[in-house]
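# can't give you the sequence, but here's the structure:
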């Protein structure tokens, strides 16, 4: 190709961005190979041509912003996170391509970040709901009366954005192992309360014993789920209960076990859960459980690691295409969030190459566009 023609093509493919002017994007969907064309004005997607719009990207691959479906920007080791620290965590996630976060529990109210155009969109679940000495100290609400679970679910539903998070199991020091926090009647009432409040309810679960009652009560999602049996998996499929396996968090289980010498049964259980986790998640995928990407950033996991989770999901049988879908379009549909339709918030990624062909491409987007702004 003559040099001047190549230069002209490249200047159209990625031209300088004037954020005050409407922009035009044209490319293909990595997941479907279908053509994509839209315009951006005022931070929103427009599907009708805008006269005089500058072509910002042409002949590229365009993906809706990645979704971290299990993230805590309001949590860090030592707690005491300020809103400015949470903003920095959120922008760290944005830099990695995460433009939508389901924040499943935080002691900090992160709603002020909703006014920041350089932050991802958030869908929150309020604070974790647990019982005294049955979860991490000061992370959430500790209920002295477990029969008040439904009442607390109603309160946290009002504080969130359509989700509630309960701690389904944690170490019981008297038992010396993971054990359920709630009985079936309490869970039935909690699920009803969440749904009556127009919210969905999810549960943190590492082990096996708590899963049966949680699934039977009708929770909408399981976080981690390392203890799921074949029967649990079948019931999750039947009830359309989603799974966010947080595989890079599960990688920390051996370290957690190493720090639990006082509870040898618990330590052995955590190691066993870790050893069979990949097989458990692969069985869930094969059975048809809906699986979504989540990093559990905010505690043991640093922010900005969504691509690490995508790569791990690819390895349990989702493949590159399925893993990318589980971190982009599919969780956006599940959460009722924007995609690339007319009027949607302009949150998307632009790539030179198709990331389905090489997941490493996800780490090097040509552009991260957050609320219409190239960041």
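Nice, I can see it. Note that the structure is predicted; figures quoted are calculated from it, not measured. Numbering: from 1, shown residues only.
# which ones are touching residue 288?
The contact partners of residue 288, by Cβ atoms under 8 Å, 6 or more residues apart in numbering, come to residue 237. From N, CA and C alone the C-beta is placed, and that goes for glycine too.
# in terms of contact, does residue 332 touch residue 64 like I think?
Yes. Applying Cβ atoms under 8 Å, one finds residue 332 in contact with residue 64, separated by 5.9 Å.
# Quick check: longest helix in this structure by residues?
Identified as the longest helix of the chain according to DSSP state H is helix 264-287.
# quick revisit: between residue 332 and residue 64, what contacts are shared?
Joint contacts of residue 332 and residue 64 (Cβ under 8 Å, 6+ apart) are 338, 339.
# rewinding a little: mean confidence for the longest helix of the chain?
On average, the pLDDT along helix 264-287 is 98.
# cool, and stretch 196-208?
Rounded to a whole number, the mean pLDDT of stretch 196-208 is 98.
# Equivalent analysis for stretch 177-186, please.
Stretch 177-186 comes out at a mean pLDDT of 98.
# Show the end-to-end separation of it, please.
The straight-line separation of the ends of stretch 177-186 (Cα to Cα, to the nearest Å) is 21 Å.
# Need the contact partners of it.
Here stretch 177-186 makes contact (Cβ under 8 Å, 6+ apart) with 130-131, 134, 146-147, 149-150, 166-172, 190, 206-207, 209-210, 213, 216-217, 227, 263, 265-266, 269.
# Show the residue spans covered by the helices in the stretch 51-200 of the chain.
Along the stretch 51-200 of the chain, counting by DSSP state H, counting those that start in this stretch, helices occupy 83-95, 149-159, 184-196.
# These: which one's closest to residue 301?
Nearest of the helices of the stretch 51-200 of the chain to residue 301, taken as Cβ to Cβ: helix 83-95 at 11.3 Å.
# which parts of that closest one are buried?
Buried residues in helix 83-95, counted by 16 or more other Cβ atoms under 10 Å: 83, 86, 87, 89, 90, 91, 92, 93, 94.
# Wait, the fifth one touches residue 117, no?
In other words, residue 90. No. Contact criterion Cβ under 8 Å: residue 90 and residue 117 do not qualify, at 11.7 Å.
# just checking, what packs against the longest helix of the chain?
The helices and strands touching helix 264-287, judged by 3 or more Cβ pairs under 8 Å, 6 or more residues apart in numbering; DSSP states H and E, are strand 177-180, helix 230-239, helix 247-250, helix 253-258.
# so that helix versus helix 230-239, what angle?
Comparing the axes of helix 264-287 and helix 230-239 via axes from the mean of the first three to the mean of the last three Cα atoms, to 10 degrees yields an angle of 50 degrees.
# just checking, next helix/strand downstream of helix 264-287?
helix 306-313 (DSSP states H and E).
# what's the following helix or strand after that following helix?
helix 319-325.
# residues making contact with the helix or strand following that next one?
Per DSSP H and E, the first helix or strand lying C-terminal to helix 319-325 is helix 329-335. With contact meaning Cβ under 8 Å, 6+ apart, helix 329-335 is reached by 31, 64, 67, 69, 100, 102, 123, 242, 290, 292-293, 337-339.
# Kindly indicate which of these lies nearest residue 371.
Closest approach between these and residue 371, by Cβ to Cβ: residue 338, at 10.4 Å.
# show me what contacts the closest residue to that closest one other than its chain neighbours?
Spatial nearest neighbour of residue 338, chain neighbours left out: residue 344 (3.6 Å); criterion: Cβ to Cβ, 6 or more residues apart in numbering. Neighbour list for residue 344: 44, 45, 338 [criterion: Cβ under 8 Å, 6+ apart].
# What's the separation between the last one and residue 375?
Right, the one you point to is residue 338. 17 Å (Cβ to Cβ, to the nearest Å).
# okay, those two: which has more neighbours?
Set side by side, residue 338 and residue 375 show more neighbours around residue 338, with 20 against 13, by other Cβ atoms under 10 Å.
# which stretch of helix or strand covers that one?
Counting by DSSP H and E, residue 338 is found in no helix or strand.
# what residues are up against it?
By Cβ under 8 Å, 6+ apart, the contact list for residue 338 reads 45, 64, 121, 332, 344, 345, 347.
# Filter the residues you listed down to the buried ones.
By neighbour count, with 16+ other Cβ under 10 Å, those hold 45, 64, 121, 332, 344, 345, 347 as buried.
# Those residues in strands, which ones?
45, 64, 121 (DSSP state E).
# Could you tell me the model confidence score at the residue lying closest to the last one once chain neighbours are set aside?
Taking Cβ to Cβ, 6+ apart as the measure, residue 121 lies nearest to residue 100, with 4.9 Å between them; neighbours along the chain are not counted. Per-residue confidence for residue 100 comes out at a pLDDT of 98.
# my guess is residue 209 contacts residue 170, does it?
No. Residue 209 is beyond contact range of residue 170, at 11.5 Å (criterion: Cβ under 8 Å).
# which of the two has more neighbours?
Neighbour totals were compared for residue 209 and residue 170, and residue 170 leads with 22 against 15 (other Cβ under 10 Å).
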